[in-house]
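J.: I would like the atomic coordinates for the input below:
(chains A and B)
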Protein chains: 2
Amino acid sequence: MGEFSLIEKYFSSQAQHRKKDHTVLGIGDDAAVINVPTGQQLVVTMDTLIEGVHFPQYTCPQDIAYKSLAVNVSDLVAMAANPAYFLLSLSMPNANEAFLREFSDGLFEAADEFNISLVGGDTCKGPLSISIQATGFVDENKFVTRSGASIGDKILLSGPLGAASLGLASLQNRITLSDIQSTHCVSCLNRPVPRVDLIDLLGQFASSAIDLSDGLVGDLGHILKSSQVGALIDKQKLPAYEGYSDYALTGGDDYQILFTVAEKNMDKLISSAEQLNQQFFVIGEIVEQGYMMLDQNQPVDLSTFKGFDHFVS
Amino acid sequence: MGEFSLIEKYFSSQAQHRKKDHTVLGIGDDAAVINVPTGQQLVVTMDTLIEGVHFPQYTCPQDIAYKSLAVNVSDLVAMAANPAYFLLSLSMPNANEAFLREFSDGLFEAADEFNISLVGGDTCKGPLSISIQATGFVDENKFVTRSGASIGDKILLSGPLGAASLGLASLQNRITLSDIQSTHCVSCLNRPVPRVDLIDLLGQFASSAIDLSDGLVGDLGHILKSSQVGALIDKQKLPAYEGYSDYALTGGDDYQILFTVAEKNMDKLISSAEQLNQQFFVIGEIVEQGYMMLDQNQPVDLSTFKGFDHFVS
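T.: Take a look at the predicted model:
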């Protein structure tokens, strides 16, 4: 079965079936055509996942596809944009039909869950690698950046950290977990759930936001650098999975949202969150300068910690 | 030098320097933010180039970058869309600074030439592979598709075919060319020039269009299938490079535009083209059914020819 037949069988027809209102022309031409709703801006991101780098070998195809879309959608969430459409470039060593069937299952499961539609892309022969470009829509100038944090803002986390990197450590036999822990952590690693449920709240209340892909210390560092401010966080307030605080601090792949909220908006955020049954963790505060963590009241300088860097690690 | 420093040094600052009006927020956050001009639709495409599949090993980094952007822009041209912005995902075995310097030189040279700006993407460690997602703007419903060809329309080519695939054959020692021919053909292979000069004419006059990436026979076949029509072309009218008509028929990578024009619009096209100093080649006509080529008045059935298919060849 040739390239065109494979694309047709596993991607085009399912994408066509799920075509959304914004898609004027979907898969099957030189390019797709999209209508942008009046008064909306585009939020655009692109991330590639490579076997052995971003997911372990022998990760199942459903999970590879799910995660590839999830990490891109997570970037849209961090900007408070609503997922709209994506393009996929899938390179694989051979046109293995079983792989494609499972991959497309995972992909469309994720697409349905995140309310985003596939409109184009390509497949080609090469080492297993998945590039996704995802676009979201946001009301004009209502997007959230990394650069809006102000002195006095609270620093919040959308959920617990560390499980994904513990899952990787467990798969690589660098740590021994219980069976229950290991199953949970590997699932967090392979099936990160982007916080699409928080898009509206972030748009309303966040002064800055970032999704946690590279680890808390590094990613909070990005906010501080962009916003030209400092931070003081409290290690005891970190929602670390089962108390593994080192993994919570520097482990990547959690895809929770780290965000800041002005003190005056905290009451409104809390009452909105309660209505929506959301829970957040306040882990610290934006300060004028420095990047410090209190560990049982002892200060630790985080500015010398290293985040995850593909070309350094 | 880590990932973030490399991106900063070779991509972010140059991209920032070339920021266009539509970019509200460029590289450096979780995602970029784009304004879409009122009354315009998006035309979106994505193509990946892999070493050894889409370009030969030892292709110089400038050419790899130039071609990667060119093939994507060519898809926008085929839809009659004006290039606007692109995202790049670059995977490479190691963070080689010399490679990055040359790659970014070729990339921004192409971006300037095609009037498109880099707004985001990522770099990662892996086998050499370049994914680009390119977006163009087009006046509402003025895009051109593969599906608009009608019986009686003329079939046109924007320029000569075959040189790129001859260049590949020459590099692979499958054919012997003169030094002058070889230099020209390898340059056509490595530096395809998308026909951005034709965007307006295509938008005005083309009933259907496709860019020639996989070879004339296969790509014209896509138009016929999408438009549910047939074609009759004349081999003697093919603008084959130096008479190599087999390469012109099935060789890929030329990135000329194949398009159809209603007979009633031909005079207007020709006079517009003359004013713009453009030359087109009329190679045949859309007919009700069948896919035939006259070769010195002998009919040849093209429906059994095979286009280039990554997973078949």
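J.: I'd like to know how many residues surround the closest residue to residue A:295 other than its chain neighbours.
T.: In this structure, residue A:295 finds its nearest non-sequential neighbour in residue A:235, 4.4 Å apart by Cβ to Cβ, 6 or more residues apart in numbering or on different chains. No exception for glycine: its C-beta is placed from N, CA and C like everyone else's. When neighbours are counted by other Cβ atoms under 10 Å in any protein chain shown, residue A:235 registers 17.
J.: so residue A:235 sits against residue A:294, correct?
T.: Yes: the pair residue A:235 / residue A:294 is scored as a contact, 6.5 Å apart, by Cβ atoms under 8 Å.
J.: and for the two, which residues touch both?
T.: Shared contacts of residue A:235 and residue A:294 (Cβ atoms under 8 Å, 6 or more residues apart in numbering or on different chains): residue A:300.
J.: just to revisit the earlier point, give me the pLDDT for the residue nearest to residue A:295.
T.: Here, the pLDDT recorded for residue A:235 equals 95.
J.: can you check residue A:4 too?
T.: pLDDT, residue A:4: 61.
J.: what do you get for residue A:247?
T.: Per-residue confidence (pLDDT) for residue A:247: 94.
J.: packing partners of the helix or strand containing it?
T.: Using DSSP states H and E, residue A:247 sits within helix A:245-250. If you count contacts as 3 or more Cβ pairs under 8 Å, 6 or more residues apart in numbering or on different chains; DSSP states H and E, helix A:245-250 packs onto helix A:163-171, helix A:216-227.
J.: is it true that residue A:256 touches residue A:158?
T.: Yes: judged on Cβ under 8 Å, residue A:256 makes contact with residue A:158 at a distance of 4.6 Å.
J.: overlap in contacts, the two.
T.: In contact with both residue A:256 and residue A:158: residue A:195, using Cβ under 8 Å, 6+ apart.
J.: for the residue nearest to residue A:295, give me its contacts.
T.: A:245, A:249, A:293-296, A:300 are the contacts of residue A:235 under Cβ under 8 Å, 6+ apart.
J.: and of those, the nearest to residue A:23?
T.: residue A:249 (41.8 Å; Cβ to Cβ).
J.: next, count neighbours for the closest one.
T.: Counted with other Cβ under 10 Å, residues neighbouring residue A:249 total 23.
J.: among the helices and strands packed on helix A:245-250, which is nearest chain B?
T.: Among the helices and strands packed on helix A:245-250, helix A:216-227 comes nearest to chain B, with 7.2 Å by Cβ to the nearest Cβ.
J.: outside of the closest one itself, list whatever touches it.
T.: Residues outside helix A:216-227 that contact it (Cβ under 8 Å, 6+ apart): A:145-150, A:155, A:157, A:161, A:208, A:210-213, A:230-231, A:233, A:238, A:248-250, A:258, A:260, A:286, A:291, A:302-303, A:305-308, B:28-29.
J.: now do the buried residues in that helix.
T.: Within helix A:216-227, the residues scored as buried using 16 or more other Cβ atoms under 10 Å in any protein chain shown are A:216-224, A:226-227.
J.: over to stretch A:250-268?
T.: Neighbour-count burial for stretch A:250-268 flags A:250-262, A:265-266 (criterion: 16+ other Cβ under 10 Å).
J.: same deal with stretch A:112-126?
T.: Counting neighbours by 16+ other Cβ under 10 Å, stretch A:112-126 gives A:113-114, A:116-126 as buried.
J.: same thing with stretch A:232-246?
T.: Those would be A:232-235, A:238-242, A:244-245, for stretch A:232-246 by 16+ other Cβ under 10 Å.
J.: which of those residues fall within strands?
T.: A:232-234 (DSSP state E).
J.: what's across from residue A:231 in the sheet?
T.: Note on residue A:231: beta-bridge partners by DSSP bridges are residue A:286, residue A:291.
J.: give the contact list for the closest residue to residue A:12 other than its chain neighbours.
T.: In this structure, residue A:12 finds its nearest non-sequential neighbour in residue A:27, 4.5 Å apart by Cβ to Cβ, 6+ apart. Residue A:27 is in contact with A:7, A:11-12, A:15-16, A:118-121, counting by Cβ under 8 Å, 6+ apart.
J.: could I get the full set of helices for chain A?
T.: Using DSSP state H, the helices of chain A run over A:3-7, A:13-17, A:61-78, A:97-114, A:163-171, A:179-190, A:199-205, A:216-227, A:245-250, A:266-275.
J.: wait, which of those is closest to residue B:35?
T.: Residue B:35 lies closest to helix A:61-78 among the helices of chain A, at 16.9 Å (Cβ to Cβ).
J.: and that closest one, what's its mean pLDDT?
T.: 97.
J.: and stretch A:122-137, by the same measure?
T.: Here stretch A:122-137 scores 93 as its mean pLDDT.
J.: now the end-to-end length of it.
T.: End-to-end distance for stretch A:122-137, by Cα to Cα, to the nearest Å: 23 Å.
J.: does chain B have contacts with that stretch?
T.: Yes: Stretch A:122-137 is in contact with chain B by Cβ under 8 Å from any Cβ of the partner chain, via A:122-127, A:129, A:131, A:133, A:135-136.
J.: quick one on the thing from earlier: between the buried residues of stretch A:232-246, which is closest to chain B?
T.: Among the buried residues of stretch A:232-246, and counting by Cβ to the nearest Cβ, the member closest to chain B is residue A:233, at 20.2 Å.
J.: dump the residue contacts of the closest one.
T.: Shown in contact with residue A:233 (Cβ under 8 Å, 6+ apart): A:155, A:220, A:283-284, A:292-294, A:302.
J.: residue ranges with poor pLDDT in the stretch 151-300 of chain A?
T.: Along the stretch 151-300 of chain A, no part satisfies pLDDT under 70.
J.: what residues does it put near chain B?
T.: Proximity of the stretch 151-300 of chain A to chain B (Cβ under 8 Å from any Cβ) is limited to residues A:209-211, A:226.
J.: I'd like these as JSON lines, with distance to residue B:36 appended.
T.: Formatted as JSON lines, these follow (distance: Cβ to Cβ, whole Å):
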{"residue": "A:209", "distance to residue B:36": "23"}
{"residue": "A:210", "distance to residue B:36": "25"}
{"residue": "A:211", "distance to residue B:36": "24"}
{"residue": "A:226", "distance to residue B:36": "25"}
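J.: now the two most distant members of the residues you listed.
T.: A:211 and A:226 (14.0 Å).
J.: so what's the residue count around the residue nearest to residue A:290 when sequence neighbours are not counted?
T.: Leaving aside its sequence neighbours, residue A:290 sits nearest to residue A:230 (Cβ to Cβ, 6+ apart; 4.3 Å). Using other Cβ under 10 Å, residue A:230 has 18 neighbouring residues.
J.: wait, residue A:230 touches residue A:285, no?
T.: No: with contacts counted by Cβ under 8 Å, residue A:230 stays clear of residue A:285, the gap being 9.7 Å.
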